[in-house]
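Participant: Dropping the sequence and predicted coords here.
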Amino acid sequence: MNIIYPKAEEEKSRYHERYELAAERVRGIKWETNGGGCVVPEQMRDYFAKVSSYLVQMMDTYEAVDTGSFYELSLEELQQRNRELYQDILPENYDTSYANPAYAAEKLGNEFGRYLCALYGELREILVYVFEKRLFFLVTGLELFIEIYDLMEDENCEPHEVRNAIYYYVSDYADMTIADRIEMMLDPEHCFARSLIETADLDDLRYLYYFGEYIGDNEIGTACHLGEMEEARIEEMASTYTEGYRNGFALYRIDLSCKKTVNIRYRLGFERMIRAAVRQFRRMGLETTMYRAVGNLIYRNGRGIKVGYSSGGANPQYDYDHRFDEALIFGKALADRKLAQQRCAYEEYREQAAAFAGPAVIEVFGEDPFVPVAKKESAAYTEKQRKQKLEYQSAASLLSNEFIPGDQVSFTIIAYPVPEIGRDYGEIFDETVRVNTLDSTQYGVIQQKLIDALDQGEYVTVTGRGDNRTSLTVALHPLEDPEHQTDFENCLADVNIPLGEVFTSPKLEGTHGTLHVTEVYLNELKYENLTLEIKDGTVTDYICTNFGTEQENKAYIEENLLFQHPTLPMGEFAIGTNTTAYAMGQKYGISHLLPILIAEKTGPHFAFGDTCFSHEEELVTYNPDGKQMMAKENRFSEMRHTEPSKAYFNCHTDVTIPYHELGDIIVHCRDGREIVLIQKGRFVLEGTEELNRVL
């Protein structure tokens with residue numbers, strides 16, 4: 001096995017001596033803490049013994065990868081090695097793991113427990129870099145561990161000293177880590193994953209373990225399922241994905257010929273499709289980049305959303321517990337340091353940034369729903385930190401847009417099921433492929449009927465049915481020239497696959513009421529009886545019934561739907577028309593497992609955060625009928641001209657009312673007429689009845 005990766009050789013020559021010294025010391029710590037004269041407080045010895053043992057295991061893995069002996073292991077040996085590397089955070093072992101903040105606090109005390117738990121989490125995130133032979137990450141992690149061990153040898157060591165060591169590790173190396181991530185996104189010369197995918201024998205499942213990620217049944221099952229497909233079908237799946245990407249540039253009239261790179265993000269197991277997509281993108285003149293969805297402190301987004309390529313992970317509770325670890329060290333100084341280094345990195349890669357075309361994403365669905373346990377021991381942002389974090393995110397978004405303007409890039413996103421969805425996996429996979437390739441021409445005509453009616457409206461009312469308590473009024477922007485202008489985009493199979501929605505940015509003033517869904521999954525988290533109160537287009541109150549107290553439920557929404565913002569505007573109102581996707585969900589009992597990407601097409605949905613045209617407001621776009629899309633603004637995005645830091649929220653989360661919970665959708669015209677689009681969850685507007693056929 002020969003994975004060509006220039007970074008590995010560069011770092012081996014630069015960091016090998018430091019690695020030898022750090023490795024020797026860590027092995028010594030393992031010996032000391034297992035009875036060899038350790039002087040750290042007795043309460044801490046078990047922690048350092050277990051973490052040093054894990055680091056020795058990591059170093060042994062690095063040396064096996066470096067010498068090539070790792071690639072000589074059998075499939076069974078690789079599976080055993082993979083489980084050993086991740087066993088400490090697997091659900092069955094997690095209760096007594098120092099990676100669990102509750103256990104760490106119990107054994108080490110609240111303050112030391114939080115910092116040392118976060119340290120262990122940071123060290124665990126280095127594992128994947130071992131498989132790339134990235135000595136920089138391994139060496140700096142080992143040295144941080146040694147530094148903190150040395151601090152703890154002083155019986156008077158205070159928790160803030162451990163905190164400071166972690167802070168300066170993140171801050172001091174920010175120039176390297178931030179530049180590395182931006183380089184991974186923009187420079188195709190440094191792409192470990194693509195090199196592995198293009199050179200590996202994908203019929204030999206051992207290749208999955210060469211990524212270094214936790215490999216579970218979903219990754220193996222997906223790879224096996226794709227391995228049974230004819231190559232022609234793989235090419236067709238890849239073509240749906242890559243042509244959707246190309247169509248996005250055509251739709252928005254952006255010149256693709258001046259672009260050179262596309263960033264692929266996907267879940268492990270789809271390598272056959274990815275390899276075909278790499279070839280197809282190359283024929284478009286695009287080379288591919290890929291970066292890992294890692295959880296290092298410097299990269300952590302605090303939203304529990306994996307951005308990059310990854311496996312499904314070993315334990316979602318572990319990921320949830322560590323999502324705010326940055327709060328232990330975050331402040332304005334670190335935010336300013338990160339922004340400064342991001343600017344330096346973008347300046348260095350200015351030419352590559354101008355040639356960057358945007359991301360191409362493959363999502364998955366079908367995993368068992370995850371309902372997290374909220375732990376008081378987990379790190380959390382203070383109110384001051386929340387404000388600083390939001391200011392940083394806004395500034396970082398504007399900085400990225402300066403070098404990669406949003407109106408000069410596009411994207412595509414598509415989703416497929418994983419084997420965990422159940423015994424009908426094969427059938428559901430085939431049905432998903434069908435959903436992803438529905439007839440755009442037919443849908444374009446039907447959706448235009450809806451748009452023609454909606455464009456006559458001053459506002460739209462949406463009501464629930466049965467247990468659903470939704471009662472919303474959505475205001476629409478007035479059109480100055482209805483013959484040539486439209487409020488709603490006719491969304492077909494381009495950037496957002498599958499097809500099946502018409503959407504707008506609502507007028508916030510006059511948009512009000514209650515949005516309620518009895519059960520919904522957003523960003524892989526379950527919400528029971530999610531209720532949002534809306535006034536002048538913004539969220540004024542919110543609750544769900546996941547937990548036993550109002551405080552817990554509100555905190556859950558604040559952290560995972562509002563993303564620390566005190567409120568969010570309604571950035572999108574849409575009507576999903578993909579009744580085939582809805583019928584698939586009902587037929588197989590998987591509606592609750594569908595990702596937002598598909599679920600949003602199975603009923604009206606309302607997105608909170610930025611509009612669909614964030615950073616693209618000036619871009620002129622047209623529907624297939626030639627009308628110009630006008631409704632791209634709201635009172636927040638308009639501030640980009642005067643107060644850009646307040647214009648964007650850097651999030652966009654869709655909440656869908658499924659057809660079986662939906663009552664009526666009625667267009668209220670300026671002349672007093674009412675046009676009923678949907679009645680009791682069924683399309684009744686003339687020319688749209690065909691959508692009911694599969695229901």
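Facilitator: Sure, I can see it. Numbers count the residues shown, from 1 in each chain.
Participant: now the longest strand belonging to the chain, how far from the chain's geometric center?
Facilitator: Secondary structure of the chain per DSSP state E: the longest strand is strand 507-522. Relative to the chain's own centre, strand 507-522 is displaced by 23 Å; criterion: CA atoms, centre = their mean, to the nearest Å.
Participant: same for it, what does it pack against?
Facilitator: With contacts defined as 3 or more CB pairs under 8 Å, 6 or more residues apart in numbering; DSSP states H and E, the packing partners of strand 507-522 are strand 457-464, strand 471-475, strand 525-535, strand 652-656. C-beta here means a position set from N, CA and C on the backbone, and glycine is covered the same way.
Participant: Any chance you could list what contacts the third one?
Facilitator: When contacts are taken as CB atoms under 8 Å, 6 or more residues apart in numbering, the neighbours of strand 525-535 outside the stretch itself are 304, 369-372, 469, 472, 511-521, 539-546, 556-557, 560-561, 570, 608, 655.
Participant: Show me where the stretch 551-695 of the chain has its helices.
Facilitator: In the stretch 551-695 of the chain, the helices defined using DSSP state H, counting those that start in this stretch lie at 579-588, 596-599.
Participant: Quickly compare these and say which is most buried.
Facilitator: Most buried of these by mean neighbour count (mean count of other CB atoms under 10 Å) is helix 596-599; its value is a mean of 24.
Participant: Show me how the chain divides into domains.
Facilitator: Here the domain parsing of the chain from automatic domain parsing is 6-172, 188-415, 438-538+569-692.
Participant: Dump those domains to CSV, plus mean pLDDT and distance to residue 431.
Facilitator: Output for the domains of the chain, formatted as CSV (pLDDT from 0 to 100; distance: least, CB to CB, whole Å):
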stretch, mean pLDDT, distance to residue 431
domain 6-172, 96, 30
domain 188-415, 95, 12
domain 438-538+569-692, 94, 5
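Participant: Out of these, which is closest to residue 425?
Facilitator: With distances scored as CB to CB, the stretch of these nearest to residue 425 is domain 188-415 (7.3 Å).
Participant: Run the chain-centre distance for that closest one.
Facilitator: Remark: domain 188-415 is offset 7 Å from the chain centroid, using CA atoms, centre = their mean.
Participant: Determine the longest helix present in this structure.
Facilitator: Using DSSP state H, we find that the single longest helix of the chain is helix 6-33.
Participant: follow-up on the earlier one: in JSON lines, list the helices and strands packed on strand 507-522 along with mean neighbour count.
Facilitator: Written out in JSON lines, the entries for the helices and strands packed on strand 507-522 read as follows (neighbours: other CB atoms under 10 Å):
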{"stretch": "strand 457-464", "mean neighbour count": "20"}
{"stretch": "strand 471-475", "mean neighbour count": "20"}
{"stretch": "strand 525-535", "mean neighbour count": "19"}
{"stretch": "strand 652-656", "mean neighbour count": "21"}
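Participant: and the helices of the stretch 551-695 of the chain as a markdown table, adding distance to residue 625?
Facilitator: Converted to a markdown table, the helices of the stretch 551-695 of the chain look like this (distance: least, CB to CB, whole Å):
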| stretch | distance to residue 625 |
| --- | --- |
| helix 579-588 | 22 |
| helix 596-599 | 25 |
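Participant: give me the element the spatially closest residue to residue 437 that is not a sequence neighbour is part of.
Facilitator: Closest residue to residue 437 apart from its sequence neighbours, by CB to CB, 6 or more residues apart in numbering: residue 240 at 5.9 Å. Assigned by DSSP states H and E, residue 240 belongs to helix 231-251.
Participant: just checking, what packs against that helix?
Facilitator: Judged by 3+ CB pairs under 8 Å, 6+ apart, the packing partners of helix 231-251 are helix 271-283, strand 356-365, strand 412-417.
Participant: looking at these, which is closest to residue 403?
Facilitator: strand 356-365 (8.7 Å).
Participant: That closest one vs strand 507-522, what angle?
Facilitator: Angle, strand 356-365 to strand 507-522, by axes from the mean of the first three to the mean of the last three CA atoms, to 10 degrees: 50 degrees.
Participant: Parallel or antiparallel, which strands does strand 356-365 pair with?
Facilitator: strand 261-265 (parallel), strand 412-417 (parallel) (DSSP bridges).
Participant: Show me what counts as buried in that strand.
Facilitator: Neighbour-count burial for strand 356-365, counted by 16 or more other CB atoms under 10 Å, picks out 356, 357, 358, 359, 360, 361, 362, 364, 365.
Participant: And the furthest pair within those?
Facilitator: Within the buried residues of strand 356-365, 356 and 365 form the most distant pair, 27.8 Å apart (CB to CB).
Participant: TSV for the strands paired with strand 356-365, including distance to residue 694?
Facilitator: TSV is the format used below for the strands paired with strand 356-365 (distance: least, CB to CB, whole Å):
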stretch	distance to residue 694
strand 261-265	31
strand 412-417	19
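Participant: To residue 389, which of those strands lies closest?
Facilitator: Using CB to CB, the strands paired with strand 356-365 put strand 261-265 closest to residue 389, at 23.3 Å.
Participant: That closest one vs helix 271-283, what angle?
Facilitator: 170 degrees.
Participant: Need the contact partners of strand 261-265.
Facilitator: 185-188, 194, 245, 274, 277-278, 281, 286-291, 293, 307-309, 352, 355-362.
Participant: And the buried ones among those residues, selectable in PyMOL?
Facilitator: To isolate the buried members of the contacts of strand 261-265 in PyMOL, using 16+ other CB under 10 Å:
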select buried, resi 185+186+188+194+245+274+277+278+281+286+287+288+289+290+291+293+307+308+309+352+356+357+358+359+360+361+362
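Participant: And the helix or strand encompassing residue 430, what does it pack against?
Facilitator: Residue 430 belongs to helix 425-436 when assigned by DSSP H and E. If you count contacts as 3+ CB pairs under 8 Å, 6+ apart, helix 425-436 packs onto helix 217-227, strand 412-417, helix 579-588.
Participant: Can you give me the neighbour number for the residue lying closest to residue 122 once chain neighbours are set aside?
Facilitator: Spatial nearest neighbour of residue 122, chain neighbours left out: residue 297 (5.6 Å); criterion: CB to CB, 6+ apart. Using other CB atoms under 10 Å, residue 297 has 22 neighbouring residues.
Participant: Kindly report the same for residue 371.
Facilitator: For residue 371, the neighbour count with other CB under 10 Å is 13.
Participant: Might one say that it is in contact with residue 546?
Facilitator: Yes. Between residue 371 and residue 546 there is a contact under CB atoms under 8 Å: 6.9 Å.
Participant: Quick one: the strands in the stretch 101-250 of the chain, in order.
Facilitator: With DSSP state E, counting those that start in this stretch as the criterion, the stretch 101-250 of the chain has no strands.
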